[in-house]
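Asker: Task: produce atomic coordinates for the following.
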Amino acid sequence: MYASWSIRSIAPAPTAKELHYFDRFYLGDFTSADAEAYHRYFPRDDEHKVGEWTPLYMCAPWIPRLLAAAAPDARLMVLLRDPLDRYVSGLQHDASTAAAWGEPLSSHAPLAAFARGRYHAQMTNLLAHFDRSQVLVLQYERCTSEPLTELRRTFEFLGLRDTKFAPDHTAKPKYQASKPTLDALTREAYVQAYSDDVLALARDFPEIELSRWPNFAHLAS
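Answerer: Sure, this is the predicted structure:
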């Protein structure tokens, strides 16, 4: 979305944006050899910082400990969206993926999508293994409304120097299928189910402005 950064830049892992490297260790058995294998995805030089982006890493309870064992000095970025909006988008994504494989949506998908929106519990687990200074919390809604400001915060967090910003106005949004619709009573049930976690999140992470989350703005005070 943006071009023209200088001196130091970011490079993804050579194989893919989302490695999902730690997914398979849900039963344990993570070894030093596995940690070394993870390191090989990130060749380094003096001009680039190298990393990956796998959303599952935060919400899977077994992964932060393994990530800390493999990369204790990593700098982590967490992007949080209104939990209910994220839930609906998650269902849309799961339904589209299932349809692409010619399968129905799994009956477990709604529960899994709901759990991924309980951010405070996930952040608590993450910070049990990483120092707070290693974690940058970004709010999705702020990134969309103030992209240059949040991009600058991100670059500063990553230690990128002398960075200049130039929006790429030629970028076009990807097509998205229509999202599921929740009736009013169902929506309210989800809002109530998320509210305690959302309030705890806003209390412990002032970067999150509840006024920017349409389903939880009424909790801001």
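Asker: ok, now how distant is the residue of the chain most remote from its centre from Val191?
Answerer: Within the chain, the residue lying farthest from the chain centre (CA atoms, centre = their mean) is Leu185, at 28.3 Å. Distance, Leu185 to Val191, using CB to CB, to the nearest Å: 11 Å. Any C-beta I mention is one placed from the backbone N, CA and C, and that applies to glycine too.
Asker: Mutual contacts of those two, please.
Answerer: With CB atoms under 8 Å, 6 or more residues apart in numbering applied, the contact sets of Leu185 and Val191 do not overlap.
Asker: Give me the pLDDT for Ile10.
Answerer: As predicted, Ile10 sits at a pLDDT of 62.
Asker: hang on, the earlier thing: and the residue farthest from the centre of the chain, how far from His218?
Answerer: 17 Å.
Asker: SS state for the residue farthest from the centre of the chain?
Answerer: helix (DSSP: H, G, I helix; E, B strand; the rest coil).
Asker: Tell me where this protein is predicted with low confidence.
Answerer: 1-16, 162-177 (pLDDT under 70).
Asker: And the strands in it, which stretches?
Answerer: 2-3, 9-12, 48-51, 76-80, 135-139, 166-167 (DSSP state E).
Asker: elements contacting the fifth one?
Answerer: With contacts defined as 3 or more CB pairs under 8 Å, 6 or more residues apart in numbering; DSSP states H and E, the packing partners of strand 135-139 are strand 76-80, helix 119-127, helix 147-158.
Asker: Make TSV out of these and add distance to Thr31.
Answerer: Shown next, in TSV, are the helices and strands packed on strand 135-139 (distance: least, CB to CB, whole Å):
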stretch	distance to Thr31
strand 76-80	23
helix 119-127	22
helix 147-158	29
